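**Q** fold the following, please.
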Amino acid sequence: MSTPHNAANKGDIAKTILLPGDPLRAKFIAENFLEDVVQFNTVRNMFGFTGTYQGKKISVMGTGMGCASIGIYSYELIHMYGVENLIRIGSCGGMQESVKLGDIVMAIGASTDTNYAHQYHLPGTFSAAATYDLLYKAVEEAKKYQFPYVVGNVLSSDIFYNETEEWRDWAKMGVLAAEMESYALYCNAARAGVNALGIFTVSDSMVSKEEMSAEERQTGFTNMMKVALGVAVQL
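**A** The predicted model follows:
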């Protein structure tokens with residue numbers, strides 16, 4: 001059963017999927033970590049693959065940028081393809097002095113400046129949160145590898161090139177980092193009763209203005225991938 005955005009048939013996609021924003025990162029994971037890989041999607045060049053990792057069937061697919069994009073792909077994965085565990089892996093911008101380049105950020109919650117949750121007609125503001133079991137497993141994986149990590153709130157923002165420094169107000173509330181997708185993912189997962197987690201690599205710092213080099217990105221992102229795959233194989 002294909003959709004306007006996904007050419008996969010039912011059964012082509014595993015119950016657990018990794019979701020990088022960049023489809024080329026999905027391709028990298030498939031080529032470097034998975035075995036017996038089959039590509040299930042090329043629509044809009046949003047590549048999706050299914051293979052095995054340590055004998056476990058796992059999928060990986062790009063989602064694009066922003067809540068609107070991941071909102072579409074995650075909704076279809078959940079409701080059309082029966083995916084039960086969705087692990088976002090992406091980059092983020094650090095918003096605290098203590099959050100260093102290359103650190104892994106695990107989003108226990110996601111704040112937002114979007115209006116994504118208006119569709120649920122809630123009488124207040126929805127606090128989008130990760131699934132604790134996935135978060136716990138991710139923390140244990142990071143500890144096992146001795147990767148530097150922090151756990152806390154992130155900001156899922158609609159704006160990448162912001163004309164103001166609104167991030168400073170979020171930082172005062174203890175928000176660790178900014179990214180663009182987790183709020184929508186957490187909302188979709190909560191509404192459907194499935195599991196979700198956002199894991200990120202700090203690629204730049206809004207505080208120090210530092211940025212990772214291309215080589216540092218490759219190494220740091222690989223650490224995050226190992227953590228996510230370590231979680232996926234347990235599900």
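
**Q** tell me, what residue is most central in this protein?
**A** Centroid-nearest residue in the chain, with CA atoms, centre = their mean: R88, separated by 1.8 Å.

**Q** only C-alpha atoms, please: export the longest helix belonging to the chain in PDB.
**A** As assigned by DSSP state H, the longest helix anywhere in the chain is helix 214-232. Output of helix 214-232 as PDB, limited to C-alpha atoms (Å, rounded to 0.1, in the frame of the first residue of the first chain):
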ATOM      1  CA  ALA A 214      33.100  18.000   8.300                       C
ATOM      2  CA  GLU A 215      35.300  15.300   9.900                       C
ATOM      3  CA  GLU A 216      34.000  15.900  13.400                       C
ATOM      4  CA  ARG A 217      30.400  15.700  12.100                       C
ATOM      5  CA  GLN A 218      31.100  12.300  10.500                       C
ATOM      6  CA  THR A 219      32.600  10.900  13.700                       C
ATOM      7  CA  GLY A 220      30.100  12.500  16.100                       C
ATOM      8  CA  PHE A 221      27.100  11.500  14.100                       C
ATOM      9  CA  THR A 222      28.400   7.900  14.000                       C
ATOM     10  CA  ASN A 223      28.400   7.900  17.800                       C
ATOM     11  CA  MET A 224      24.700   8.900  17.700                       C
ATOM     12  CA  MET A 225      23.900   6.200  15.100                       C
ATOM     13  CA  LYS A 226      25.500   3.600  17.300                       C
ATOM     14  CA  VAL A 227      23.400   4.600  20.300                       C
ATOM     15  CA  ALA A 228      20.200   4.600  18.200                       C
ATOM     16  CA  LEU A 229      20.900   1.200  16.700                       C
ATOM     17  CA  GLY A 230      21.700  -0.100  20.100                       C
ATOM     18  CA  VAL A 231      18.300   0.900  21.200                       C
ATOM     19  CA  ALA A 232      16.600  -0.400  18.100                       C
END
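
**Q** please identify the buried residues of it?
**A** 217, 220-221, 223-232 (16 or more other CB atoms under 10 Å). Any C-beta I mention is one placed from the backbone N, CA and C, and that applies to glycine too.

**Q** and if you look at stretch 27-41?
**A** Going by 16+ other CB under 10 Å, stretch 27-41 has these buried residues: 27-30, 33-34, 37, 39-41.

**Q** and the two most separated of these?
**A** Greatest spatial distance among the buried residues of stretch 27-41 (CB to CB): F33 and N41, at 18.1 Å.

**Q** between the buried residues of stretch 27-41, which is nearest G198?
**A** I29 (16.2 Å).

**Q** from the buried residues of stretch 27-41, which land in strands?
**A** 37, 39-41 (DSSP state E).

**Q** now the lowest-mean-pLDDT helix or strand in the chain, how far from the centre of its chain.
**A** Least confident helix or strand of the chain, by mean pLDDT, DSSP states H and E, is helix 214-232 with a mean of 89. Relative to the chain's own centre, helix 214-232 is displaced by 12 Å; criterion: CA atoms, centre = their mean, to the nearest Å.
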